[in-house]
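Asker: Okay, sequence plus prediction incoming.
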Amino acid sequence: MPARPMVSRALAFALAAASACRAHSAQVEPAGSPVDPVTVRLTLNPTALDMDRLRASRMGYMPAVLKAIDTKPPGVVKEPAYEGTPRYGVIRVGNGPKCDTPVVIDVLKSGSRLYVDSNHNGDLSDDGTGKWDLTKEISGANVEFATRSVRASWGTPSEETETGEYRIFIFRRPEASGFSFAKISGREGTVTLGAGDEREGKEYAIVLAENTNDALFTVPVKGDLTRRFVELCIDLDGDGTFKGLMTKEGDKELRAPERFNLADPFQVDGQWYIARPSISGATLTITPTAPPGSDVASLQKPVEVRPLLEPGVVAPAFTVETPEGKPLSLADFKGKVVILDFWATWCGPCLASMPGLESVYQRVKDQNVEVLSVNVFDDRDTFGEWIAANRGKNYNFTFAFDPAAKDSPESVARQKYNVPGLPTLYLIDREGKVAAAFVGVSEARLIEALAKMGIEVAEENDAE
């Protein structure tokens, strides 16, 4: 939802899907439930989670990484006339006999061409011109973007029982050996919850999303880092989005979640449920259950919607941990301008903003400016893997981990800095006061805010 290589882990993901499915089928089901389980059929919508829908619902995307290699994959019978150096890969979507889609990147001196075997005929020359949909300059680099279809295939290695079109959003930086991608497809439908002996229940629009980007809707067991969570989005207020159910309590504005990690029970209208999809997501069974422990219940309580901290407010003190596990406090940066970045490895926009943050840091670090990038709402092991692959190689500023992690409401981001979504960035001046704050890290906005503080951001060529 950052990101793990798909080619090298595709087989592991498929095996984990089967074992996770068995593990979850053994979970204790509730006894004496007040209402019966309900099973619904869901339709695959190729664009159910496109960028417009994500923005409207304040949702991010969780990219995977495909590392391209020199070896042509099996099944490719015809190729286009390459202008540069071809690099190959396979996108695996589903678990059926036709779940592998060959792709090739034709790497040129400037930019590249992208060929995806969308029609699954082994011919990479008949699926378009290879041109990306959009090329955008970000942090001095021309980043390429495209949306493509791949075949989702479910069943067994020898028999396909279900298939469908799975759309993916692809982006590539010029230095990458392959590209990153995230699904924009999801399963959608409606479900009636709350029906009982004397209750009619209420119908809700729902979308089911997997975040491993392989079209397998297996709910991972706790601690399984080979798969990302499966999310059920329920439009509780009927506004067509999943940004949260808004209510009021006196002068306070509260937001209850409309998106639920299916590894945990979830609550609708006072009733708790467990939901389990089929591996393809075509069916979803929702079973009433007893209330869970306080640790799960607290995560689904309505939270007060608080604005970002205003300029001039003293930045709240906090202590987090270095990647090595040592304490690190905001006070350790006393007398410096601090660019405080809240992010997560599963957050696509966070990862997309990192190169720009590094670019700015390199141009201002000599002016007593530091970047403190705090990983929040995340897994320590995943954070450690990301640090090992990126710190000192792609990024050179200071990283830290919030030990409240992802399963606690007592996080620095949520409790002290009112972070509504990721990435969120604060600028803290040399006196320890907030100078600026914004959601979504924009290099241009950051440079403008630094300029107002008297920090000169040199042109990139001047800084080299």
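Answerer: Arrived safely, thanks for sending. On a predicted model such as this, the values are computed, not experimentally measured, just so you know.

Asker: top strand in the chain by residue count?
Answerer: strand 141-155 (DSSP state E).

Asker: Just the mean pLDDT for that one, thanks.
Answerer: Summarised as a single mean, pLDDT over strand 141-155 is 96.

Asker: If you count neighbours, what's buried in that strand?
Answerer: Residues of strand 141-155 classed as buried: Val143, Glu144, Ala146, Thr147, Arg148, Ser149, Val150, Arg151, Ala152, Ser153, Trp154, Gly155 (neighbour count, 16 or more other CB atoms under 10 Å). Bear in mind the C-beta positions are built from the backbone N, C-alpha and C, glycine included.

Asker: State the next helix or strand along the chain beyond that strand.
Answerer: Tracing the chain past strand 141-155, the next element assigned as helix or strand by DSSP states H and E is strand 160-172.

Asker: so what does that following strand touch, helix or strand wise?
Answerer: Using 3 or more CB pairs under 8 Å, 6 or more residues apart in numbering; DSSP states H and E, the elements in contact with strand 160-172 are strand 43-45, strand 112-116, strand 141-155, strand 179-183.

Asker: Okay, helices next: where are they in this protein?
Answerer: Using DSSP state H, the helices of the chain run over 6-25, 51-56, 294-299, 348-364, 380-390, 443-452, 460-463.

Asker: Which pLDDT value belongs to Phe370?
Answerer: Careful, residue 370 is Glu and not Phe. Looking at Glu370, its pLDDT stands at 97.

Asker: partner residues bridging it?
Answerer: Beta-bridge partners recorded for Glu370 (DSSP bridges): Val338.

Asker: Who are the contact partners of it?
Answerer: Going by CB atoms under 8 Å, 6 or more residues apart in numbering, Glu370 touches Phe333, Lys336, Val337, Val338, Ile339, Phe397, Thr398.

Asker: do that again at 6 Å, thanks
Answerer: Remark: with contacts taken as CB atoms under 6 Å, 6 or more residues apart in numbering, Glu370 is in contact with Phe333, Lys336, Val338.

Asker: The last one touches Ile428, doesn't it?
Answerer: It refers to Val338. Yes: contact criterion CB atoms under 6 Å: Val338 and Ile428 qualify, at 4.2 Å.

Asker: Quickly note the distance from the closest residue to Glu159 other than its chain neighbours to Val104.
Answerer: Nearest non-adjacent residue to Glu159, counting by CB to CB, 6 or more residues apart in numbering: Pro97, 6.8 Å away. Between Pro97 and Val104 the distance is 22 Å, computed by CB to CB, to the nearest Å.

Asker: Looking at those two, which is more packed in?
Answerer: Comparing Pro97 with Val104 by other CB atoms under 10 Å, the one with more neighbours is Val104, at 24 against 14.

Asker: Beta-bridge partners for the more buried one, please?
Answerer: Bridge pairing for Val104 - DSSP bridges - gives Tyr88, Tyr115.

Asker: Ser177 versus that one, what's the distance?
Answerer: Computed as CB to CB, the Val104 to Ser177 distance reads 13 Å.

Asker: give me every residue that touches Val314.
Answerer: Val314 makes contact with Lys433 under the criterion CB under 6 Å, 6+ apart.

Asker: Tell me the bridge partners for it.
Answerer: For Val314, the beta-bridge partners are Lys433 (DSSP bridges).

Asker: re earlier: quick one, grab the pLDDT at the residue nearest to Glu159.
Answerer: 97.

Asker: and it, how far is that from Trp154?
Answerer: Distance, Pro97 to Trp154, using CB to CB: 10 Å.

Asker: next one: Arg172
Answerer: Distance, Arg172 to Trp154, by CB to CB: 28 Å.

Asker: try Ala275
Answerer: For Ala275 relative to Trp154 (CB to CB), the value is 19 Å.

Asker: count of residues packed around Gly312?
Answerer: Counted with other CB under 10 Å, Gly312 comes out at 10.

Asker: Please disregard the earlier target; I meant Glu459.
Answerer: Counted with other CB under 10 Å, Glu459 comes out at 9.

Asker: Spatially nearest residue to it, not counting backbone neighbours?
Answerer: Take Glu459 and drop its neighbours on the chain: the residue closest to it by CB to CB, 6+ apart is Arg363, 8.0 Å away.

Asker: Equivalent analysis for Glu137, please.
Answerer: Spatial nearest neighbour of Glu137, excluding adjacent residues (CB to CB, 6+ apart): Val143 at 7.6 Å.
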